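Trainee: got a predicted structure plus its sequence, pasted below:
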Amino acid sequence: MEKFVRPQPIDREILLDESKVIMSKTDEKGIIEYANQYFMNICGYKEWELMGEPHNVIRHPDMPKVVFKLLWDRLFEGKNIHALIKNLAKDGSYYWVITRFETKYDENKKIIAHFSYRKAPPRQAIETIIPIYKTLINIENKHGLETSEKYLFNLLEDHGLTYDEFILQTAGVTQEELDLYFENSL
Amino acid sequence: MENYPNQSPVDREINVNPSIVLSCKISADGFIEYINHSFSEVSGYEEFEIIGESMDVLRHPDVPQIIYEILKERLSKNEPIKLITKQLAKDGRFFWLLSEYESKLNDAGELIAHYSHSVAAPTFAVHKISSLYKILSKIESKSGNTEVSKRYLIGFLEERNMNYNQFIEELCIHQPKFEQQIQPQITNPIQSNIQPDPILQKQNRPRLNDLTYNANLDLTNSNRIHSPINSPKTKKKKSLLKKVFGK
């Protein structure tokens, strides 16, 4: 199998249609098993280029690793997380998403798949999070993942928020509104 | 037995007369035991040229391997299945068939042969399924196996809240309105032992059927669904064949 080559990022944003949802299915380890048509349209890859690859091939280098650590900590427990993520398309363009996850189990309660749903986040969420991500990534480059994780938790504590509350606040929505946003998707 | 030279595929279609039924009988180890006259006419092979040959001579390379694996699994379990396949004619041209299969088992329940009865595949179905086949084939050439293509097909069906049989039925009876996430006309709600796509479920769609991760091939459906192939005309021809071959 040929090695996947990540493109060079370019400063071009893809804006998602708010009525549509990007859906992808991975196995328990994050290998992509299926992706819907909208995902293929946005990311610019062909199905055979992505299937069988780990989902992190669409990670944008501007994303701090700590966000994915939090994400996977939740996924291993079969829990949902709403994360604000910058993704990398095939031509190097980027697009922002807010995520939602559902986990699938076999009869032995073992995780066998993760469904991820991604939609356009509110502009204010993106604008709020960009400087925070910049800080986190600078910390990571200098001192590593653990230090940036500590910084993030301290930041949340300082504001008296859990991670989930923080995300809702940056998006300016309630959990119910966010759930509805995902459910009203084509 | 000499290998019958397989023509290289050419991109020209043979249009199959919609009123004929092509039939053949294939042994369990994959050799052609019988073809009917229509099959001979359409494929361009004389009986003596093709009887005793491997059924692979008819297989078109554009059809992904996973489809044949599903067929094999269903045949060995004597479970109903229909396939829409691209066939390779003697001169390299192709033709599309909608095929129904019947297993012939011995007393021990082992597969000894199968029959296929086919009609011209509906154009709309061909159009839809070719794009899926193209994706699956490319996945298979890249990965060198059917694992990834199998997973893709499962995800594809889950997204549409259908099992494989339902998908084929939908292609054959629905017209261009058929797109992803349209409510299929399923008369029998079917049990599922796996959680269907949760977002789609919340939108009150019919449940998934039998997409288990434990079966060797997870695309089974034991429920017999009314078949468009069982139109009165073809039913007549089929029962004649049954008379000739018995069961």
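Mentor: Cool, the structure landed.

Trainee: residue ranges with poor pLDDT in the chain?
Mentor: Reading this off chain A. A:1, A:186 (pLDDT under 70).

Trainee: ah, I was thinking of chain B
Mentor: In chain B, residues with pLDDT under 70: B:1-6, B:174-247.

Trainee: what sits against the residue of it at minimum distance from chain A?
Mentor: Closest to chain A within chain B is B:Gly155: 2.3 Å, counting by C-beta to the nearest C-beta. For glycine as for every other residue, the C-beta is placed from the backbone atoms N, C-alpha and C. By C-beta atoms under 8 Å, 6 or more residues apart in numbering or on different chains, the contact set of B:Gly155 is A:Lys25, A:Glu33, A:Tyr34, A:Ala35.

Trainee: break chain B down into its domains, please.
Mentor: B:22-121+B:227-245, B:125-202 (automatic domain parsing).

Trainee: which of those domains sits closest to A:Leu50?
Mentor: domain B:125-202 (9.5 Å; C-beta to C-beta).

Trainee: give the bridge partners for the residue most central in space within chain A, please.
Mentor: What sits nearest the mean C-alpha location of chain A, by C-alpha atoms, centre = their mean, is A:Ile85, with 4.1 Å. When bridges are called by DSSP bridges, A:Ile85 pairs up with A:Val97.

Trainee: can you list contacts of the longest helix along chain A?
Mentor: Using DSSP state H, we find that the single longest helix of chain A is helix A:123-143. Identification of contacts with helix A:123-143 by C-beta under 8 Å, 6+ apart yields A:62-67, A:84, A:86, A:96, A:98, A:147-148, A:151-152, A:155, A:167, A:170-172.

Trainee: the closest residue to A:Tyr163 other than its chain neighbours: what secondary structure?
Mentor: In space, and not counting its chain neighbours, A:Tyr163 is closest to A:Leu156: 6.1 Å by C-beta to C-beta, 6 or more residues apart in numbering or on different chains. Here A:Leu156 is recorded as helix under DSSP: H, G, I helix; E, B strand; the rest coil.

Trainee: buried residues in the lengthiest helix in chain B, which are they?
Mentor: Ranked by residue count, the top helix of chain B under DSSP H comes out as helix B:123-143. By neighbour count, with 16 or more other C-beta atoms under 10 Å in any protein chain shown as the criterion, the buried positions of helix B:123-143 are B:125-126, B:128-129, B:132-133, B:135-140, B:142.

Trainee: got the contact list for residue 76?
Mentor: Went with chain A since none was named. Neighbouring residues of A:Phe76 by C-beta under 8 Å, 6+ apart: A:Ile111.

Trainee: other chain: chain B
Mentor: B:Ser103, B:Leu111.

Trainee: do that again at 7 Å, thanks
Mentor: When contacts are counted by C-beta atoms under 7 Å, 6 or more residues apart in numbering or on different chains, B:Ser76 touches B:Leu111.
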